[in-house]
Structures are given as C-alpha cells and as structure tokens.
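Visitor: Using only what follows, build the 3D model:
(2 chains)
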Amino acid sequence: GAVVSQHPSRVICKSGTSVKIECRSLDFQATTMFWYRQFPKQSLMLMATSNEGSKATYEQGVEKDKFLINHASLTLSTLTVTSAHPEDSSFYICSAEQGGNEKLFFGSGTQLSVL
Amino acid sequence: GIQVEQSPPDLILQEGANSTLRCNFSDSVNNLQWFHQNPWGQLINLFYIPSGTKQNGRLSATTVATERYSLLYISSSQTTDSGVYFCAADGGATNKLIFGTGTLLAVQP
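Guide: Model (predicted):
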C-alpha cells in the first residue's frame, strides 16, 4: 500500500521558535495533502488542504500566518509552526491523496511540545 | 459542513467478545472511511466504504448511505484491537475528511 512518511515524530522546542514538519509520499505522487491536529483524547481537526504548486486552503479559525504550509513538489508538503507557544503543543498528522484512489493515507504523526 | 458523530464514546470488552461501533453523518457522502488509531498515534485505514458492506478478517463494515450511518463490526475481539476507532466522511467532491468523535475501545484479556 501507499506509504506516507512524516518527520520528525517528536519535537520539543522553546517558546518563540519555529518548527518545521515534513510529510512525504514515498511511493506515489500526491497532488493534495491534508494537515490535521489532535489534542489529547480528542478527534482529529482538519487544519488545511495543501495543493501542489498553489496556496494552501485553511479551515476556519486556523491562522495561516501561524501555520505556514508549502507543497513545493508532488511528494512533499511541509507545515511550519511559526513563533510557537505552549498552546500550539499538539499531535500533528498529515495525509496524502493518491490520484485515482479514494483512500487517504496518513503519516505517523508529529508530537510537538512547546516549553 | 458535514457533521460526524460516533457511538459509543467508550467501550470495554472481554477478549473474544463481539462489538458494533456506529457512525452517523449529517449529509450525503462521497467518501467514508474507518480508521484505527493505535496507542502511538498511527492511523490505520480499515475500510473505504461510502456505501455497501465489506469484510476483512474479523472486521466488517456496512454503510447505509440513504439513512446516513455506518457500522463497524469487530468479532472475536483481541487485546490488539484496543485503541481509538474513527470514522471520517467527506460530503463534497474532495477528499477533505471530517473525523468523528471516536470510540475508545479497550479489550481486556
């Protein structure tokens, strides 16, 4: 099956710094990727849709200047949490859509802890 | 947008028991999937099932699109089935999945 790699799996940073999370489709091209965040014991909340070669589409309430998304190639999307604060601490998960396949494939997630 | 609700929120089973998890959605769907999230956070795709019935080993799923619900059946449960089960649906033309509230399953030996 299709594989989505997400890196890093865990990151701890100081408040005010920026953190970049990578999401790669390893064996297929993904024109569309999605970014979710998940707080402890809660569901996944869609943050944004990342389209290769164009600007991301953000869900209501998600700050686009806070969560920068870049989808520069058909196999890589990045999420940068800028000027991170403790309230940004969360589990971030990406998913990728394989063309012609209705299933979405998910990365293994990134646990971000901001001190 | 589409609303997705799941029940029950929590479920405790003895090993070997069967269970049924339910997912209700508020609008017609083009995409509905069931996932299992393991304790490490990894989401495992169980079924893509916007309609009809599918089976995979001890798991099966049925979606009745006209009545806007889907069921996930787990038979002869094992401790490794523990975790959170999510259904997710998309009512539009894209794969923008909206996740349900989840069912936390604990299977005890």
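Visitor: Wondering if the helix or strand of chain A with the lowest mean pLDDT reaches chain B at all.
Guide: The helix or strand of chain A with the lowest confidence, counting by mean pLDDT, DSSP states H and E, is strand A:104-106 at a mean of 87. Yes - using C-beta under 8 Å from any C-beta of the partner chain, strand A:104-106 reaches chain B at A:L104, A:F105, A:F106. Where you see a C-beta, it was placed from the backbone N, CA and C, and this is true even at glycine.
Visitor: nearest to A:G16, of these?
Guide: Using C-beta to C-beta, A:F106 comes nearest to A:G16 of the residues of strand A:104-106 next to chain B, at 29.8 Å.
Visitor: Report the secondary structure element holding B:V107.
Guide: strand B:103-108 (DSSP states H and E).
Visitor: tell me the mean pLDDT for that strand?
Guide: Averaged over strand B:103-108, pLDDT sits at 96.
Visitor: quick one on the thing from earlier: could you export the residues of strand A:104-106 next to chain B as TSV, including neighbour count?
Guide: Shown next, in TSV, are these (neighbours: other C-beta atoms under 10 Å in any protein chain shown):
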residue	neighbour count
A:L104	27
A:F105	22
A:F106	24
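Visitor: So what's the gap between stretch A:105-115 and the chain middle?
Guide: 8 Å (C-alpha atoms, centre = their mean, to the nearest Å).
Visitor: how far does it stretch from start to finish?
Guide: 31 Å (C-alpha to C-alpha, to the nearest Å).
Visitor: Now it: buried residues?
Guide: Across stretch A:105-115, burial judged by 16 or more other C-beta atoms under 10 Å in any protein chain shown covers A:F105, A:F106, A:G107, A:S108, A:G109, A:T110, A:Q111, A:L112, A:V114.
Visitor: Close to chain A: what parts of chain B are there?
Guide: B:31, B:33, B:35, B:40-43, B:45, B:48, B:50, B:86, B:88, B:94-102, B:104.
Visitor: tell me which of the residues of strand A:104-106 next to chain B is nearest to chain B?
Guide: A:F106 (4.2 Å; C-beta to the nearest C-beta).
Visitor: wait, that closest one sits on A:S5?
Guide: No - if you go by C-beta atoms under 8 Å, A:F106 and A:S5 don't touch, sitting 10.8 Å apart.
Visitor: Spell out the residue ranges of the helices in chain A.
Guide: Using DSSP state H, no helices are assigned anywhere in chain A.
Visitor: Quick one, grab the pLDDT at residue 6.
Guide: I went with chain A, as the question did not name one. For A:Q6, pLDDT reads 96.
Visitor: My question was about chain B, not that one.
Guide: On the pLDDT scale, B:Q6 gets 97.
Visitor: Assumed it was part of a helix.
Guide: No - looking at B:Q6 with DSSP: H, G, I helix; E, B strand; the rest coil, it is strand, so not inside a helix.
Visitor: how close does it sit to B:G102?
Guide: 6 Å (C-beta to C-beta, to the nearest Å).
Visitor: to the chain's geometric centre, what's the distance from stretch A:55-72?
Guide: Distance, centroid of stretch A:55-72 to centroid of chain: 10 Å (C-alpha atoms, centre = their mean).
Visitor: hmm, back to that, which residues are common contacts for B:Q6 and B:G102?
Guide: Common neighbours of B:Q6 and B:G102, using C-beta atoms under 8 Å, 6 or more residues apart in numbering or on different chains, are B:Y85, B:F86.
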